[in-house]
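Asker: Mind folding the following:
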Amino acid sequence: MITKPQLYDRLISVYAEDNRYARNALIFNFVLVFDEDTDTTYYEPVVRKLGGAFRTYELESHFLSTKSSKSTIPSILTQLLTRLNSTGICIIRIDDTDILFPPLVCDHHVPVFTQSSCQFKQLVKDLVAQEIIEYVNRFNHVAKISDLSEYCNVYVPTQKLPQLMTEEELQTRCLQFVSLGDTRPKLADVFRILCSLEAGLSVKDLCFRNDPRSMSIDERKLIQFGIMEGLIHHLQKYPVLNRENSDIPTEL
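Answerer: Residues are numbered from 1 along each chain as shown. Take a look at the predicted model:
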């Protein structure tokens, strides 16, 4: 499956350019084979990640173009197929190389897209990344995006929340920590906002509903304090595979 240059680096084709190759480029593919009536949407990220990983191996160590390492590819793909079918998870150590010191990302760094943001949204399947994408606008720095993304989170109270109304030392620390500026908020307002947290209500919606800043409450510090003291906890959301859906293949 060798495509035209216009399709390079797309889902169906991967390539690496270098004058060390016979045609100044190494063009290759990895594919998963399914029945013709199978919905393959769920497996597109696997193919994309597989092709991208081997492209990296080739650029770093000539893995695909070196005869000795190239001979191990059938074994690697066999392990991949077996483990995905048996457990749905696959981790294969290719060699002894590890990235011990990845590039440092600082708070003031500003991320930018190297391709169309619309195209990137279609390719990304990670739930967290999907929430963050809308804040990457060539102006927001990492620290600001981190704060903004927290507004999408959902938190719920724990059984320890009533302690805020009975322990004076906890009350003092809370009001000092969550206050916006020099004005101290009222304990009743802080407690009411924490009690209003519930499943399905994001921090963003909470702010629209209660306007904590009008009460001299910094909602970001309030969430941080609640997490640190165990008064609230982050409600996580994960995708769950519905085995009753016959359209989803259980094996490759």
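Asker: now stretch 113-122, how far from the chain's geometric center?
Answerer: 15 Å (C-alpha atoms, centre = their mean, to the nearest Å).
Asker: And that stretch, what's buried?
Answerer: By 16 or more other C-beta atoms under 10 Å, stretch 113-122 has no buried positions at all. C-beta: built from backbone N, CA, C; applies to glycine.
Asker: which residues are in contact with that stretch?
Answerer: Applying C-beta atoms under 8 Å, 6 or more residues apart in numbering, the contact partners of stretch 113-122 are 130, 133, 136.
Asker: just the buried members of those?
Answerer: Buried among the contacts of stretch 113-122 by 16+ other C-beta under 10 Å: 133, 136.
Asker: which ones among the contacts of stretch 113-122 are found in helices?
Answerer: 130, 133 (DSSP state H).
Asker: Point out the least confident member of the contacts of stretch 113-122, please.
Answerer: Within the contacts of stretch 113-122, pLDDT reaches its minimum at residue 130, with 70.
Asker: what stretches of the stretch 51-200 of the chain score poorly on pLDDT?
Answerer: Residue ranges of the stretch 51-200 of the chain with pLDDT under 70: 95-102, 122-128, 131, 147-149.
Asker: Sketch out the strands for it, chain order is fine.
Answerer: 155-157 (DSSP state E, counting those that start in this stretch).
Asker: buried stuff in stretch 177-189?
Answerer: Neighbour-count burial for stretch 177-189 [16+ other C-beta under 10 Å]: 178, 179, 180, 185, 189.
Asker: Put together a markdown table for the residues you listed, with distance to residue 39 on each row.
Answerer: Listed next are the buried residues of stretch 177-189 as a markdown table, based on distance: C-beta to C-beta, whole Å:
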| residue | distance to residue 39 |
| --- | --- |
| 178 | 48 |
| 179 | 53 |
| 180 | 50 |
| 185 | 52 |
| 189 | 50 |
